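K.L.:
From the sequence below, what's the structure:
(one chain, ligands or ions: 1)
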Amino acid sequence: MSIEENLKKVHTQIPDNVRLVCVSKFHPNEAILDAYHAGERIFGESRVQELCEKQISLPSDIQWHFIGHLQTNKVKYIVPFVDMIHAVDSLKLLEEIDRQAGKVDRIVRCLLEVHIAREPSKFGFLPEQLEEILKGEEWKNFRHVQICGLMGMATYTDNQTQIRQEFRTLRLLFDQLKVSFFTQNENFRELSMGMSNDFQIAIEEGSTLIRLGTIIFGERDYPATT
Ligand SMILES: *Cc1c(COP(=O)(O)O)cnc(C)c1O
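P.N.:
Model prediction:
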């Protein structure tokens, strides 16, 4: 099936209140343009250099979401144009995004990544760490970032019950943080969860942003060296 047909099919499974991030990492510009011409405007990338190369050569009304792990020393390359950074996993990173966004006079939308999966990962806050940070004053002084919600990845497993449980945990944490720290803040409203293999469950559990790659573009060809 073509990218256009894949998108058509996927959209029948996405309610209006959920937005689609087309994850185009490792796919060429032609594939992105196919999706673009089918009406998509939000694209997700996970490597800084690849994102920068694509951004300069593709239509300027694309909203680029950075969904991968971001190193502080690379923040400056994407901050001038990026629409949303999904996986902020330290206060230090948030601070650097704020600093670099200040230099180019932008406000960058960010999601805080929460470690919900039962598999080990170096990335993402533990719920208690997140609470600890939000209780502090530091983030409240950041003028050039907007904290728009949470992002999480479920364990890579066939166990649907476990996946649902993990998404539910993230949703509950979102609700809790909303009440405790963001009651007056209407920007805190996004829950980025759900990939090709688990997006239906994510939607049922309250996702507002799903990040789909394989189901739209097919399998990725990983470059020989990364
Ligand atoms: C690659 C990636 C996706 C898309 O995964 P698919 O299984 O191809 O849909 C989603 N989120 C993140 C953070 C990714 O790195």
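
K.L.:
what residues does stretch 211-226 touch?
P.N.:
3, 6-7, 10, 20-27, 31, 35, 44, 47, 65, 67, 86, 192, 194-197, 199 (Cβ atoms under 8 Å, 6 or more residues apart in numbering). For glycine as for every other residue, the C-beta is placed from the backbone atoms N, C-alpha and C.

K.L.:
Could you tell me which residues of the chain lie near the ligand?
P.N.:
23, 25, 46, 67-68, 195-197, 211-215 (Cβ under 6 Å from any ligand atom).

K.L.:
Spatially central residue for this structure, please.
P.N.:
Residue closest to the average C-alpha location in the chain (Cα atoms, centre = their mean): residue 86, at 3.3 Å.

K.L.:
Test my guess that it contacts residue 65.
P.N.:
Yes - between residue 86 and residue 65 there is a contact under Cβ atoms under 8 Å: 6.0 Å.

K.L.:
any common contacting residues for those two?
P.N.:
With Cβ under 8 Å, 6+ apart as the test, residue 86 and residue 65 both reach 44, 211.

K.L.:
I'd like to know the phi and psi angles of residue 172, please.
P.N.:
Dihedral pair for residue 172: phi -60, psi -40, per degrees, to the nearest 10.

K.L.:
Distance check, it against the ligand.
P.N.:
Remark: distance between residue 172 and the ligand (Cβ to the nearest ligand atom, to the nearest Å) = 21 Å.

K.L.:
what about that residue, how many residues close to it?
P.N.:
When neighbours are counted by other Cβ atoms under 10 Å, residue 172 registers 13.

K.L.:
returning to that earlier point: so which elements touch whatever helix or strand the residue nearest to the centre of the chain lives in?
P.N.:
Per DSSP states H and E: residue 86 is located in strand 84-88. With contacts defined as 3 or more Cβ pairs under 8 Å, 6 or more residues apart in numbering; DSSP states H and E, the packing partners of strand 84-88 are strand 63-66, helix 91-103, strand 108-114, strand 145-152.
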